[in-house]
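Enquirer: need coordinates for the below:
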Amino acid sequence: MSLSGAFDKARAEGRPLIVGCMPAGFPTVDESIASMVAMVESGIDVIEVELPYSDPVMDGPVIQRASDIALANGVRSKDTFKIIEAVARTGATVVLMTYWNPVERYGVDAFARDLSAAGATGMITPDLIPDEADEWLAASDAHRLDRTFLVSPSSTDARIAMTLKACRGWVYATALMGVTGARDTVSSEAPDLVARIRAIDPEIPVGVGLGVRDGAQAAEVGEYADAVIVGSALIRRVLEAPDRETGLAALRELGADLAKGARSVKR
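Expert: Now for the predicted structure:
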């Protein structure tokens, strides 16, 4: 399903999307596919596949550890495309999150071509700003990919406006200053940031990430966000599991809780 289709479906149901993140190849290529399929089956709407990277400046310790395991096991960009293809084949909406260096090394247009061919709807680029994204803007246009840039509580209104203009599909609002990771409470700055975004562009869907760990928090964030992005809490279920089947069961349990939280929102 296209990303716009996923947003339309959730909007028709009066609820936010749940976006679940998992590093490609963690702990292996096949196991990461199984994890992502389990997330889809549990009710998560969009799978955010993260391309493991050796210097993930925005990721907290949980995602870093999982990415390190994937890298140690030899995952590469081409494996990530294989994973995306397998998950997209289930009918799921799939987006890629990647730092910019691997894209440049691969070749920007070639990366966009292969990403589109694999079935991803678009790409989130946490360390790429629109001012420096001309090559990606051209490649994403050529290969019909959504592009998602980040805004934060420290962004000026002018910076937010410029970023929204460059985005296509949705914008990623980082609800906390700092690295990713599940937290006991979600950021109080997030509603203000979403309100600032909507004052500039009331039409673009807004995804809020950094900190959500359970269905209750997903419902809280879903009261004002169009998409609730969850990463560390899901990845931890696999990291801490004593075996593969236990990890998959734990993923399904949390995914169902997150989906239930999203569906409890009444708009």
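
Enquirer: keeping just the C-alphas, turn stretch 101-117 into CSV.
Expert: Coordinates of the C-alpha atoms in stretch 101-117 are reproduced here as CSV (Å, rounded to 0.1, in the frame of the first residue of the first chain):
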residue,chain,number,x,y,z
ASN,A,101,26.8,8.5,3.7
PRO,A,102,25.7,5.0,2.5
VAL,A,103,23.5,6.6,-0.1
GLU,A,104,26.3,8.7,-1.5
ARG,A,105,28.7,5.7,-1.5
TYR,A,106,26.1,3.6,-3.4
GLY,A,107,25.2,6.5,-5.9
VAL,A,108,22.2,8.6,-5.2
ASP,A,109,20.2,7.9,-8.4
ALA,A,110,21.1,4.2,-8.3
PHE,A,111,20.1,4.0,-4.7
ALA,A,112,16.7,5.6,-5.4
ARG,A,113,16.2,3.4,-8.4
ASP,A,114,16.9,0.2,-6.4
LEU,A,115,14.9,1.4,-3.4
SER,A,116,11.8,2.1,-5.6
ALA,A,117,12.2,-1.3,-7.4
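
Enquirer: where does pLDDT dip in the stretch 51-200 of the chain?
Expert: Residues of the stretch 51-200 of the chain that meet the criterion pLDDT under 70 lie in 176-187.

Enquirer: which residue ranges of it form strands?
Expert: Taking DSSP state E, counting those that start in this stretch, the strands of the stretch 51-200 of the chain run over residues 93-97, 122-124, 146-148, 150-151, 171-174.

Enquirer: touching the fourth one from outside, list them.
Expert: Yep, that's strand 150-151 we're talking about. Strand 150-151 is contacted by residues 124, 126, 159, 160, 163, 164, 171, 172, 173, 174, 193, 197 when judged by C-beta atoms under 8 Å, 6 or more residues apart in numbering. (C-beta placed from N, C-alpha, C; glycine too.)

Enquirer: mind listing what the first one touches?
Expert: Read it as residue 124. The contact partners of residue 124, taken as C-beta under 8 Å, 6+ apart, are 48, 95, 96, 97, 98, 148, 150, 172.

Enquirer: of the strands of the stretch 51-200 of the chain, which approaches residue 72 most closely?
Expert: Shortest separation from residue 72 across those is recorded for strand 93-97, at 19.9 Å, computed as C-beta to C-beta.

Enquirer: how far does the closest one sit from the chain's center?
Expert: When distances are taken as C-alpha atoms, centre = their mean, to the nearest Å, strand 93-97 is centred 7 Å away from the chain's centroid.

Enquirer: same thing with stretch 227-239?
Expert: Using C-alpha atoms, centre = their mean, the mean C-alpha position of stretch 227-239 is found 10 Å from that of the whole chain.

Enquirer: oh, and call the first residue 593 from now on, that's how I've got it
Expert: Noted, 593 is the first residue going forward, which turns the last one into stretch 819-831.

Enquirer: and that stretch, C-alpha only, in CSV?
Expert: The C-alpha coordinates for stretch 819-831 follow below in CSV (Å, rounded to 0.1, in the frame of the first residue of the first chain):
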residue,chain,number,x,y,z
ALA,A,819,1.6,8.9,12.8
VAL,A,820,3.3,7.5,16.0
ILE,A,821,6.8,6.2,15.3
VAL,A,822,8.1,3.5,17.6
GLY,A,823,11.6,2.0,17.4
SER,A,824,13.6,1.2,20.5
ALA,A,825,10.8,-0.4,22.4
LEU,A,826,10.2,-2.9,19.5
ILE,A,827,13.9,-3.6,19.0
ARG,A,828,14.4,-4.2,22.7
ARG,A,829,11.9,-7.1,22.5
VAL,A,830,14.2,-8.9,20.1
LEU,A,831,17.4,-7.9,21.8
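
Enquirer: about what we covered before: could I get the strands of the stretch 643-792 of the chain as TSV with distance to residue 844?
Expert: Converted to TSV, the strands of the stretch 643-792 of the chain look like this (distance: least, C-beta to C-beta, whole Å):
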stretch	distance to residue 844
strand 685-689	18
strand 714-716	24
strand 738-740	27
strand 742-743	29
strand 763-766	26
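
Enquirer: ok, residues contacting the one helix or strand residue 820 maps to?
Expert: Counting by DSSP states H and E, the secondary-structure element that holds residue 820 is strand 819-822. Judged by C-beta under 8 Å, 6+ apart, the contacts made with strand 819-822 from elsewhere in the structure are 599, 608-613, 637-638, 640, 762, 764, 797-802, 804-805, 810, 813-814, 850, 854.
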